[in-house]
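In: Okay, structure incoming, though there's no sequence with it:
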């Protein structure tokens, strides 16, 4: 099991034992998360979270994705999830994804989790670029990506269907040579 440490957070491989706490985090943050993330509407129970964890483990076994519980080091409370996606789709590229539960936002946890996971990804010597896609109206995500060191690359118009409408996606990226060790 991977464990990555930041100043206040630990990122560790998600396990089925995280399903209950993950569901509680999603349920308490549903109104916030559903504005940005498609999958939130389908999460109705801890069993749905357990299915996600199992799916993530299978994808990790194929080298396609790595999903981590974002945990406060002091309290050991799960405060979100961070992941690297698409690692086999195009060699050398991976998508950085993360969410932080609503009652823990505003503490810099997203930036810390993103920095820790970016460092892990680039230290493995197989990655050329990390990228992220966000809703252009999500100013918090934009500031977080800038803090991590990502650069704005452009906008994909009507790229994602969410809550019955098409939305644009801003593209952000960080190259290995831009990563601050």
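Out: Right, received. Where do you want to start? These numbers were taken from a predicted model, which means no experiment stands behind them.
In: Check the offset of stretch 103-119 from the chain's centre.
Out: 10 Å (C-alpha atoms, centre = their mean, to the nearest Å).
In: quick one: low-confidence parts of the chain?
Out: For the chain, applying pLDDT under 70 flags the ranges 181.
In: all strands for it, in order.
Out: Counting by DSSP state E, the chain has strands at residues 3-5, 9-13, 66-72, 78-85, 93-100, 129-134, 151-162, 165-175.
In: okay if I get these as JSON lines plus distance to residue 45 and mean neighbour count?
Out: For the C-beta atoms, the positions are set from N, CA and C on the backbone; glycine is no exception. Converted to JSON lines, the strands of the chain look like this (distance: least, C-beta to C-beta, whole Å; neighbours: other C-beta atoms under 10 Å):
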{"stretch": "strand 3-5", "distance to residue 45": "28", "mean neighbour count": "13"}
{"stretch": "strand 9-13", "distance to residue 45": "22", "mean neighbour count": "21"}
{"stretch": "strand 66-72", "distance to residue 45": "18", "mean neighbour count": "23"}
{"stretch": "strand 78-85", "distance to residue 45": "16", "mean neighbour count": "23"}
{"stretch": "strand 93-100", "distance to residue 45": "18", "mean neighbour count": "22"}
{"stretch": "strand 129-134", "distance to residue 45": "28", "mean neighbour count": "20"}
{"stretch": "strand 151-162", "distance to residue 45": "22", "mean neighbour count": "12"}
{"stretch": "strand 165-175", "distance to residue 45": "27", "mean neighbour count": "17"}
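In: what would these look like in CSV with distance to residue 106?
Out: Below are these laid out as CSV (distance: least, C-beta to C-beta, whole Å):
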stretch, distance to residue 106
strand 3-5, 22
strand 9-13, 15
strand 66-72, 14
strand 78-85, 12
strand 93-100, 9
strand 129-134, 17
strand 151-162, 23
strand 165-175, 21
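In: For residue 24, which of the ones you listed is the nearest?
Out: strand 78-85 (8.2 Å; C-beta to C-beta).
In: hmm, who's touching the closest one?
Out: 9, 11, 14, 18, 21-22, 25, 56, 64-72, 94-101, 104, 109-110, 113-114, 116-117, 121, 130 (C-beta atoms under 8 Å, 6 or more residues apart in numbering).
In: again, but for stretch 87-98
Out: Stretch 87-98 has contacts (C-beta under 8 Å, 6+ apart) with 62-66, 70, 80-86, 110, 113-114, 117-118, 121, 126-133.
In: First-to-last residue distance for that stretch?
Out: Terminal residues of stretch 87-98 lie 16 Å apart, using C-alpha to C-alpha, to the nearest Å.
In: starting at the chain centroid, how far to it?
Out: Distance of stretch 87-98 from its chain centroid, counting by C-alpha atoms, centre = their mean, is 12 Å.
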